[in-house]
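Visitor: This is a predicted model, with the sequence first.
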Amino acid sequence: MKKAVLIYNPSSGKELASEYKDRVVEVVTSMQYEVEVKETQGPKDATRFAAQACEQRVDFVIGMGGDGTINEIVNGLAEQQHMPLFSFIPLGTVNDFARALGIPLDPEEAIEALKVGKEQRADIGKLGNDYFMNIVAIGEIASKVADTSIESKTRLGPLAYLLEGTKAILQDNEVSMKISYDEGEWEGDITLVLIALTNSVGGFERLAPDAEVDDGFLHVFIIHESGIPGFLRVGTKLLQGKIAEDDGVDYIRTKKVHIETSQELFCNVDGDEGTCTPVDIQVLAQHLRVLVPEKLENN
Ligand SMILES: Nc1ncnc2c1ncn2[C@@H]1O[C@H](COP(=O)(O)OP(=O)(O)OP(=O)(O)O)[C@@H](O)[C@H]1O
């Protein structure tokens, strides 16, 4: 019999995980898997459980939790010799990866959708030794957004960055940056750089409308606009899904970047504080095998 592991965070999503756990086991068992359940107790447990599942050559890993938990699981699955099929039940407040993959945001629907899933490849990003699914933000602003309350990040999505950006501009916090990418180099003063893998960032699905989960590219938005009116114009374009067209923004599609800055900056990785610049970021193209609902192809 095929083996599956359910990794769930009991504290995610208003503590609804325990309630849904039994139904996930029931559904996955009906899919002819023997299911083992692993409950996380704290940070990095999900990473450890996912890595163990790879070592034990488990066939299917199901995650249940918010983006934090799913990110930890992806960090356990990444670059292992055996890559199990992976899917998840989103229980967070933002659920960007689920949005990008077309996994229902309603947990009950997501559980039922497992039965009618098909395999889809998904890219992930690598920054130093960490892996991400959605976005890296670098700039004076990005460090500040890591401190922004989850609630505000959720409500405002990328607008939280723009609001912090406006404040940073008022404080004249420009940083000069050198970006080496596949086909060249970019050098200049930046306000904020966003490196996205998917179209959904902070619950907002129009930052990178052309980004596909399996396109094998990092979508880099270099916001070099430094005046308040210009920055607000960038914000308007962002809301229209046309940020790449703005004169205050340069857009690059690449498989890897090396970033150096005039002063050390924290990278905000999938909403949390990651390592500092200088950094190397690359895409691991079509690295994950994700079970997604059938309808993704028609989207
Ligand atoms: N048993 C636990 N109790 C408390 N925290 C835990 C437990 N297990 C794991 N964690 C930690 O909780 C963190 C946040 O979880 P997660 O992002 O899944 O939920 P969330 O905060 O509800 O989601 P979101 O951030 O989307 O609102 C994880 O990164 C993990 O390190």
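Guide: Nice, thanks for sending it over.
Visitor: Residue 33 is in contact with residue 24, isn't it?
Guide: No. When contacts are counted by CB atoms under 8 Å, residue 33 is not listed as touching residue 24 (10.8 Å). In short, each C-beta sits where N, CA and C put it, glycine included.
Visitor: Surely residue 99 touches residue 105?
Guide: Yes. Contact status for residue 99 versus residue 105: in contact at 7.1 Å, counting by CB under 8 Å.
Visitor: between those two, which one's more packed in?
Guide: For residue 99 against residue 105, the residue with the higher neighbour count under other CB atoms under 10 Å is residue 99, and the figures read 19 against 14.
Visitor: Confirm that the more buried one sits in a strand.
Guide: No. Counting by DSSP: H, G, I helix; E, B strand; the rest coil, residue 99 is located in no strand; its state is helix.
Visitor: Contact partners for it?
Guide: Under the criterion of CB atoms under 8 Å, 6 or more residues apart in numbering, the neighbours of residue 99 are 105, 198, 199, 200, 203, 205.
Visitor: measure it to the ligand for me?
Guide: Plainly put, residue 99 is 12 Å away from the ligand if you go by CB to the nearest ligand atom, to the nearest Å.
Visitor: Renumber starting at 18 from here on
Guide: New numbering, starting at 18: the last item is residue 116.
Visitor: Distance of that residue relative to residue 94?
Guide: From residue 116 across to residue 94, the span is 20 Å (CB to CB, to the nearest Å).
Visitor: Check residue 46 too.
Guide: Here the distance between residue 46 and residue 94 works out to 22 Å (CB to CB).
Visitor: more crowded one of the two?
Guide: residue 94 (23 against 13).
Visitor: Low-confidence stretches in the chain?
Guide: For the chain, residues meeting the criterion pLDDT under 70 lie at 158-191, 219, 312-316.
Visitor: care to break it down by domain?
Guide: 19-132, 149-303 (the TED database).
Visitor: shouldn't residue 215 be in contact with residue 112?
Guide: No. Under the criterion of CB under 8 Å, residue 215 lies out of contact with residue 112, with a separation of 11.7 Å.
Visitor: Work out the sheet partners of whichever strand or helix holds residue 20 and label each with its direction, please.
Guide: Here residue 20, judged by DSSP states H and E, is contained in strand 19-25. Based on DSSP bridges, the strands next to strand 19-25 in the sheet, each with its direction, are strand 50-56 (parallel), strand 77-82 (parallel).
Visitor: and the angle for the following helix or strand past that strand with strand 77-82?
Guide: For strand 19-25, the succeeding helix or strand toward the C-terminus, using DSSP H and E, is helix 34-47. Using axes from the mean of the first three to the mean of the last three CA atoms, to 10 degrees, one finds that helix 34-47 and strand 77-82 are set 160 degrees apart in direction.
Visitor: any residues touching helix 34-47, and which ones?
Guide: With contact meaning CB under 8 Å, 6+ apart, helix 34-47 is reached by 21, 23, 25-28, 52, 54, 77, 79, 81-82, 106, 108, 124-125, 128-129, 131-132.
Visitor: rerun at 7 Å
Guide: Around helix 34-47, the neighbours that count as contacts under CB atoms under 7 Å, 6 or more residues apart in numbering are 21, 23, 25-27, 52, 54, 79, 81-82, 106, 108, 124, 128-129, 131-132.
Visitor: Tell me the buried residues in it?
Guide: Buried positions in helix 34-47, judged by neighbour count with 16 or more other CB atoms under 10 Å: 34, 37, 38, 41, 42, 44, 45.
Visitor: Can I get these in JSON lines including distance to the ligand?
Guide: As requested, the buried residues of helix 34-47 are arranged in JSON lines below (distance: CB to the nearest ligand atom, whole Å):
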{"residue": "34", "distance to the ligand": "9"}
{"residue": "37", "distance to the ligand": "13"}
{"residue": "38", "distance to the ligand": "13"}
{"residue": "41", "distance to the ligand": "15"}
{"residue": "42", "distance to the ligand": "18"}
{"residue": "44", "distance to the ligand": "20"}
{"residue": "45", "distance to the ligand": "20"}
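Visitor: need the residues of the stretch 18-167 of the chain near the ligand, please.
Guide: Within reach of the ligand by CB under 6 Å from any ligand atom, the stretch 18-167 of the chain has these residues: 26-30, 57-60, 62, 82-86, 89, 109-111, 167.
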